[in-house]
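**Q** Model the following, please.
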Amino acid sequence: MRGAARVATRLSARSARRTASPSWKVVLPEVWALVRPRRRLLAVAFVLMAIGRVCGLVLPGSTKYLIDDVVGKHDVALLPWLVGGVVLATLVQGLTSYGLTQLVSKEAQKLIAETRIQVQQHVGRLAVAFHDVNKTGDLVSRIMNDVEGMRNLVGTGLIEMAGGLLTATLALAAMLYLSPRTTLLTLVALGLFGLVLFRAFSVLRPIFRERSQLQAEVIGRLNETLGGVRVVKAYHAEEREATVFASGIRRILDNVFRTLTATSILSLSSTVLLGAVGAAVMWVGAREILAARLTVGSFFTYTVFLGFLVGPFFQLATVGSQLTEALAGLDRTRELLAEPPEDTDPRRTVGLGPPRGEVAFEEVSFAYGEGEEVLHGVSLRALPGTVTALVGPSGAGKSTVIGLVCAFATPSAGRVLVDGVDLATVRLDSYRVHLGVVLQDTFLFDGTIRDNVAFSRPAASAEEVLEACRIAHVDEFASRFPDAYDSVIGERGVRLSGGQRQRVAIARAILADPRILILDEATSSLDSESEAFIQQGLAWLMRGRTTFVIAHRLSTIRRADQILVLDSGRVVERGTHVELYAKGGRYREMYDRQHGVQQDLFLAPGEGGEAPASEEEAGEASETNVAGTGSVLPRGFGFMGQ
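**A** Below is the predicted model:
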């Protein structure tokens, strides 16, 4: 969460200059960073390419001798040598082409795979604040699509462009040898076309960059629509979503049309250039032949070499567009990799061993941005094995406190301590392995029940996974599936009920064996039977652990060791349920109001109940029986729904 405003500002600035492209001074080092580890392979590729290009010129070069000597002078003895040389050159050219494909194309695909892995790993290490302000679809597009064009920077695109330039250079040298006057005229025309190409590429690159952004936005919205298909259908919003998607596709189509217009102008310029140069060469060449300064064979060879000179300029229009698109993708990938990971803070040098679980806040303040402080001087102390409940209206700061406990952010003022160590100095990998989280909106992956439970500790044995499932009562419903624990539960666990998903989440937390546990109203929306099973799992999970509970139903926290009442980012009251209820302050007001509403809504027994009339009534039995199941809950958990 820390720095969310800075991230948002940064991204807004990027959005404003979305079609702007970094200068070549910025881009070239990035390209060199890709090329440098592969420079030896590319050197071999360039040698093969050079050999292939030189061999490709043998055929047009031999036509002069074929026409002037073999045909004109009837030198038949030269013919076998010409044919043999052409055949040999063609074989060598074919072999070099095969070698280039094997070397360069495979290396380019390897680069794409490595870059995708690198970008995904980097995105996974970015702070929660970054993910809060970026759409999932946009990140998916950057990881999967933006790197695709890089094959042209290291692969065939770069080699083809370099090969075309080499061929053009060799052809130019031959043309200068055959007819300098005609060649100078050709160079003037090619120079003008070069200016057109440079201008066209400067126009195309922002267009390609914009297309990547548009595709990311459309993919992001499509992901949201498909992921929220039940909400879309419930509100009969299929047509609206289709309209939004169609609008995005039309914007992409408009971008493609602009690209096609630019490339069509390049094609038109290339065609006009070839025609103009061909006509000029025909005019000047004919006059040179009539003046006996040029033979027919030389003129024929000259025109063939002219094709080899002009051909790469045609190729530049295609390959250059591919390279421009690749550079646009590299820009966006570079931006993403430039985001600092959350674990690169130089202060985080302390390795935290297995903690006892004491958590303390010392005058903690936190702000998402300048002048937007959401916590103000919060202090608390949670001892190992105790339950701390956080209550208050929406926006009071409960989730921010939990985010600080999870080290998703660091305070803008004050300290968060774990076992007396400042959490801002602790390496995240040594701390978060001791955290367990059970949320109200449980997230499960599209896999099997076993896979989702083992997610918290992949190295756990099959027996440990099954034991966690038994404690969390996952076995109660898993045994009814044909494939039991190997049953695929669908995206986000869609094939399970809400209570079943929660039990899988609890089993996952049990397997992790955390020292600090976060519960975000884990039973608020469940039926009484599911809640009873989940209470038993949570009872086992909470034993001996430091537990933080975000509670919206105040009836569920009556036996918490301490209750913190937050309002507008401040702790306005703290104490046990009995102490706060007797005090008659903000907590009493919230409890009575909610208790009255629950009675009016005819909630099931146990949801509301009469408020305790005395401390003895409120502090009854430190061990509580859950919903007739016979399970005994320790103090600190009996508050859940009791």
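**Q** From now on I want contacts and neighbour counts done on CA atoms only, so please keep to that.
**A** Fine.
**Q** what separates residue 354 from residue 433, distance-wise?
**A** 9 Å (C-alpha to C-alpha, to the nearest Å).
**Q** higher neighbour count, those two?
**A** residue 433 (16 against 12; other C-alpha atoms under 10 Å).
**Q** isn't that one right up against residue 515?
**A** No - using C-alpha atoms under 8 Å, residue 433 is not in contact with residue 515, being 9.1 Å away.
**Q** Can you tell me the element the residue nearest to the spatial centre of the chain falls in?
**A** When C-alpha atoms, centre = their mean is applied to the chain, the residue found nearest the centroid is residue 139 (3.3 Å). Taking DSSP states H and E as the criterion, the element that holds residue 139 is helix 136-144.
**Q** go on, residue 366?
**A** Here residue 366 is assigned to strand 359-367, by DSSP H and E.
**Q** what sits up against that strand?
**A** Residues outside strand 359-367 that contact it (C-alpha atoms under 8 Å, 6 or more residues apart in numbering) are 2, 373-383, 405, 410-420, 546.
**Q** Which of the residues you listed fall within helices?
**A** Among the contacts of strand 359-367, the members falling in helices (DSSP state H) are residue 405.
**Q** Just the buried ones out of the contacts of strand 359-367, please.
**A** Among the contacts of strand 359-367, the ones that count as buried by 16 or more other C-alpha atoms under 10 Å are 2, 374-376, 378-380, 382-383, 405, 410-412, 414-419, 546.
**Q** So residue 172 versus residue 579, what's the distance?
**A** Distance of residue 172 to residue 579, given as C-alpha to C-alpha: 94 Å.
**Q** When these two are compared, which one has more neighbours?
**A** When residue 172 and residue 579 are compared for neighbours, residue 172 comes out ahead with 23 against 16, by other C-alpha under 10 Å.
**Q** ok, and the more buried one, which helix or strand is that part of?
**A** Taking DSSP H and E as the criterion, residue 172 maps to helix 156-178.
**Q** I'd like the distance from that helix to the chain centre, please.
**A** 40 Å (C-alpha atoms, centre = their mean, to the nearest Å).
**Q** which secondary structure elements does the longest helix anywhere in the chain contact?
**A** Across the chain, the longest stretch assigned as helix under DSSP H is helix 238-290. Secondary-structure packing of helix 238-290 (3 or more C-alpha pairs under 8 Å, 6 or more residues apart in numbering; DSSP states H and E): helix 180-227, helix 296-337.
**Q** Now do it against helix 180-227, angle only.
**A** Angle, helix 238-290 to helix 180-227, by axes from the mean of the first three to the mean of the last three C-alpha atoms, to 10 degrees: 170 degrees.
**Q** centre of the chain versus helix 238-290, how much separation?
**A** That offset, for helix 238-290, works out to 34 Å (C-alpha atoms, centre = their mean).
**Q** tilt between it and helix 296-337?
**A** Relative orientation of helix 238-290 versus helix 296-337 (the same axes, to 10 degrees): 150 degrees.
**Q** mean confidence for helix 238-290?
**A** On average, the pLDDT along helix 238-290 is 81.
**Q** in the stretch 1-150 of the chain, which spans are helices?
**A** With helices called from DSSP state H, counting those that start in this stretch, the stretch 1-150 of the chain shows them at 4-16, 24-35, 39-56, 58-65, 78-100, 106-124, 128-132, 136-144.
**Q** among the ones you listed, which is nearest residue 486?
**A** Within the helices of the stretch 1-150 of the chain, the stretch nearest residue 486 is helix 106-124; the backing value is 27.2 Å (C-alpha to C-alpha).
**Q** what angle do that closest one and helix 136-144 make?
**A** Using the same axes, to 10 degrees: helix 106-124 against helix 136-144 is 150 degrees.
**Q** helices or strands up against the helix holding residue 139?
**A** Secondary-structure packing of helix 136-144 (3+ C-alpha pairs under 8 Å, 6+ apart): helix 106-124, helix 180-227, helix 296-337.
**Q** which outside residues touch it?
**A** 116, 119-120, 213, 215-223, 332-333.
**Q** count of neighbours near residue 208?
**A** By the criterion of other C-alpha under 10 Å, residue 208 has 24 neighbours.
**Q** Same check on residue 198?
**A** 11.
**Q** Sketch out the low-pLDDT regions of the stretch 351-500 of the chain for me.
**A** Within the stretch 351-500 of the chain, the stretches with pLDDT under 70 are 369-371, 440.
**Q** related to what we said a few turns ago, can you list the strands that the strand holding residue 366 pairs with?
**A** Each strand paired with strand 359-367, and its direction, by DSSP bridges: strand 373-382 (antiparallel), strand 413-418 (antiparallel).
**Q** Which one, of those strands, ends up nearest to residue 472?
**A** Set against residue 472 and scored by C-alpha to C-alpha, the strands paired with strand 359-367 come closest in strand 373-382, at 25.3 Å.
**Q** Specify the next element, helix or strand, located C-terminal of that closest one.
**A** strand 387-391.
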